Each structure stands twice: as structure tokens, then as C-alpha cells.
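K.L.:
please find the sequence and the predicted model below.
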Amino acid sequence: MANIVVSANQSLILLNTSHSTHSVVAGGLLYKQWYVDSKVKDISLNAVNLVNLYFYNNTGALTNNGTTNSSGDSRENVTEYIVNST
């Protein structure tokens, strides 16, 4: 038995979680996502504001982007995979 079940016509986002099994009924969607924390500093180790960050999947397609804040920090939710049926 799956410990995560997504029914038809439902979507579920799992963010920074671990699970061992899942079941997705036709018409349902399961998104597995992770936080990606980034910190950008210059050569003098000063935080850099407004740096554009880009995240690509394994086929080279852009999937997410973000921008650092005045502390050089950025947190993005990046999708590891999407399941649309079991």
C-alpha cells in the first residue's frame, strides 16, 4: 500500500519531504519539490544583491528562476519530478 495517494482530479505538492511509495490515479498529479537555498558572494566575500539564478532540468529546459536579496540569499522551490499516473 502506498503511503502517498493522489486521487483523480487532484494535485499534491510534496515540498522537502521524504516518502517511500506513492500512487497517483489517472487524472491526478504529484509534484516532488525541494528547497534550494543559494547564497551569492563576490570575490571579497560580500553578499551580492539582485543576482539572477536559473535552474534547468536534465534536458536543458529552464524550470525555475530566482533573484538574490540584499543579503545575497535566495530560496526557490525546485521540482525534482512530476508523476501523472502510477
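P.N.:
Everything's here; your move.

K.L.:
nearest spatial neighbour of Y81, skipping sequence neighbours?
P.N.:
In space, not counting the residues next to it along the chain, Y81 is nearest to K32; the distance is 5.1 Å by CB to CB, 6 or more residues apart in numbering. Backbone N, C-alpha and C define where each C-beta goes, glycine included.

K.L.:
farthest residue from the center of this structure?
P.N.:
S44 (30.2 Å; CA atoms, centre = their mean).

K.L.:
next one: that one from T59, what distance?
P.N.:
Going from S44 to T59 by CB to CB, to the nearest Å gives 37 Å.

K.L.:
now stretch 22-32: average pLDDT?
P.N.:
Throughout stretch 22-32, pLDDT has a mean value of 92.

K.L.:
and for stretch 64-79?
P.N.:
96.

K.L.:
gap between the two ends of that stretch?
P.N.:
8 Å (CA to CA, to the nearest Å).

K.L.:
in contact with the nearest residue to N52 once chain neighbours are set aside, which residues?
P.N.:
With CB to CB, 6+ apart as the criterion, N52 has its nearest non-adjacent residue at 5.8 Å, and that residue is T67. Going by CB atoms under 8 Å, 6 or more residues apart in numbering, T67 touches L50, V51, N52, L53, S74.

K.L.:
what do you get for D37?
P.N.:
Contacts of D37 by CB under 8 Å, 6+ apart are D73, S74, R75.

K.L.:
if we go to 7 Å?
P.N.:
Applying CB atoms under 7 Å, 6 or more residues apart in numbering, we find D37 in contact with R75.

K.L.:
for the residue most central in space within the chain, name its beta-bridge partners.
P.N.:
Centroid-nearest residue in the chain: V78, 1.7 Å away (criterion: CA atoms, centre = their mean). Beta-bridge partners for V78, by DSSP bridges, are W34.
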